[in-house]
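Engineer: give me a model of this one.
(one chain, ligands or ions: 1)
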Amino acid sequence: MKKIKTCRICKSNSVVKFLSLGNMPLAGGFLKKEDIPSEKKYPLNVYFCKKCSLVQVLDVIPPDMLFKDYRYLSSSTKTLSEHFRKAATYYKERFLKNKDGFVVEIGSNDGVLLKPLSDLRISAIGVDPSENVSKIARSKGLNIIMDYFTKKVAKEIVNKYGKADLIIANNVFAHIDNLDEVMDGIKILLKEDGVYIFEVQYIIDLLENTKYDTMYHEHLCYYSLHALSHLMNRFGIEIFDVDRIPIHSGSIRVFVRNKGKNESISKKVKELLELENKTGILDEKSYITFGDLINKNKIELIGLLRNLKKQGKRIIGYGAPGSSIILLNYCDIGKEILDYVVDVSPERYGRVIPGKHIEIFHPDKMKEKYPDCALILAYTYKDEILSKEKDFIEKGGKFIMPLPKIEILP
Ligand SMILES: [Zn+2]
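Structural biologist: Numbers count the residues shown, from 1 in each chain. This next block holds a predicted model:
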């Protein structure tokens, strides 16, 4: 593990630690049972930069350990599939109308966006370091470069295919340790009048929804628009539009282009920067309050679950996103509370929750004998889960929401 001491964006040493989640297993590292004895844990601390406002994890795990064998398939949730299908149409309408555009997607996963782009007859290639998910994308006939996006890869793409009209990176900008390398690559690859669009979890939503469980080694940066502006400025790039979107409990879709176009900048950019000033997310104090809230939620949740166990209730976990690992380990919820966890992603069956070693099964496992309660670990998909599990609810089953506030449903 590498430990860095300065801010990833502004390079200052004005970084202050506001959250210690303890020693944590890797959030994406769903283990096979036989690998439990060799499991490792790493310190997980989160810092705030007083100069540029970037919130960041400075303990850096070698990326190959996180991304080579990746247990997260974007297409497995209906919400994401639909979101990216709509996004593909939107990109085409807004930026590629009446022209043959060339699109490069960084972090193409299983082709959740590339497939609808290619269905629209847009020439697009993906770059993704993960071997198992890239193979899935390739099996759909998509063109994938199995690698990290670097200056070298950017040059290779330019040589072979030319520069890109659009570069897209959804939910990957948070994963990057060396932001300068990726930004240099984008500068090399993007056409002079090209557009770089990315979606990333938004710090205001993260704080408002107490989503501390998305803070883990895989997610190195948690962005405000202020922090992003600081970064883009350094590379002669400007943010010209931004949208708040509901994905992952609150993200932003950011549109950037090379500076010097003299084209207008959407008023939404200025409005969001003003909102950030008002909400206090540029102030260290907000993060200390956030830390207190998390601790309170932990005490309340574990109290509720222990009480239910005392009453003889059978409880399972529903959904095993990376964030579930942080929540279960931080709150110390193990096999003594949850009988097992179910998840829709086949990549995780037969594996266990890191740190807590609770087994993961297909959601149909519940039907063998319905539990009394299910702790919703994939609570971002609450509505999707509730509508899918009507039978469980009709038979008296209760769902427990752990965050943003503890709730029993229905
Ligand atoms: Zn900084």
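
Engineer: please report how far the residue nearest to Asp372 when sequence neighbours are not counted lies from Lys405.
Structural biologist: Nearest in space to Asp372, with sequence neighbours left out and distances taken as C-beta to C-beta, 6 or more residues apart in numbering, is Lys313 at 4.1 Å. Any C-beta I mention is one placed from the backbone N, CA and C, and that applies to glycine too. Note on Lys313: its distance to Lys405, by C-beta to C-beta, to the nearest Å, is 21 Å.

Engineer: and Ile265, how many neighbours?
Structural biologist: 15 (other C-beta atoms under 10 Å).

Engineer: so who does the residue nearest to it when sequence neighbours are not counted touch?
Structural biologist: Closest residue in space to Ile265, ignoring its immediate chain neighbours: Phe240 at 4.9 Å, by C-beta to C-beta, 6+ apart. The contact partners of Phe240, taken as C-beta atoms under 8 Å, 6 or more residues apart in numbering, are 255-257, 263-266, 269.

Engineer: closest one to Glu181 out of the residues you listed, please.
Structural biologist: Val256 (17.0 Å; C-beta to C-beta).

Engineer: surely the closest one is within a strand?
Structural biologist: Yes - counting by DSSP: H, G, I helix; E, B strand; the rest coil, Val256 is found in a strand.

Engineer: go ahead and confirm it touches Val200.
Structural biologist: No - taking contacts as C-beta atoms under 8 Å, Val256 lies outside contact range of Val200: 12.0 Å.

Engineer: strands of the stretch 301-410 of the chain, start to end?
Structural biologist: Per DSSP state E, counting those that start in this stretch, the stretch 301-410 of the chain carries strands over the ranges 315-318, 338-342, 351-352, 360-361, 373-376, 398-401, 407-409.

Engineer: quick check on whichever residue of the stretch 51-200 of the chain sits closest to the ion: phi, psi?
Structural biologist: With C-beta to the ion, the shortest gap between the stretch 51-200 of the chain and the ion falls at Cys52, namely 3.3 Å. Dihedral pair for Cys52: phi -110, psi 0, per degrees, to the nearest 10.

Engineer: of the contacts of Phe240, buried ones?
Structural biologist: Using 16 or more other C-beta atoms under 10 Å as the burial test, those include 255-257, 269 as buried.

Engineer: tabulate those (JSON lines), appending pLDDT.
Structural biologist: Below are the buried ones among the contacts of Phe240 laid out as JSON lines (pLDDT from 0 to 100):
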{"residue": "Phe255", "pLDDT": "98"}
{"residue": "Val256", "pLDDT": "97"}
{"residue": "Arg257", "pLDDT": "97"}
{"residue": "Val269", "pLDDT": "97"}
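
Engineer: surely Glu407 touches Ile400?
Structural biologist: Yes - with contact defined as C-beta under 8 Å, Glu407 reaches Ile400; the gap is 7.4 Å.

Engineer: show me which of these two is the more surrounded one.
Structural biologist: Ile400 (21 against 14).

Engineer: quick check: bridge partners of the more buried one?
Structural biologist: On the basis of DSSP bridges, Ile400 is bridged to Leu375, Ile408.

Engineer: how close does it get to the ion?
Structural biologist: For Ile400, the distance to the ion (C-beta to the ion, to the nearest Å) stands at 38 Å.
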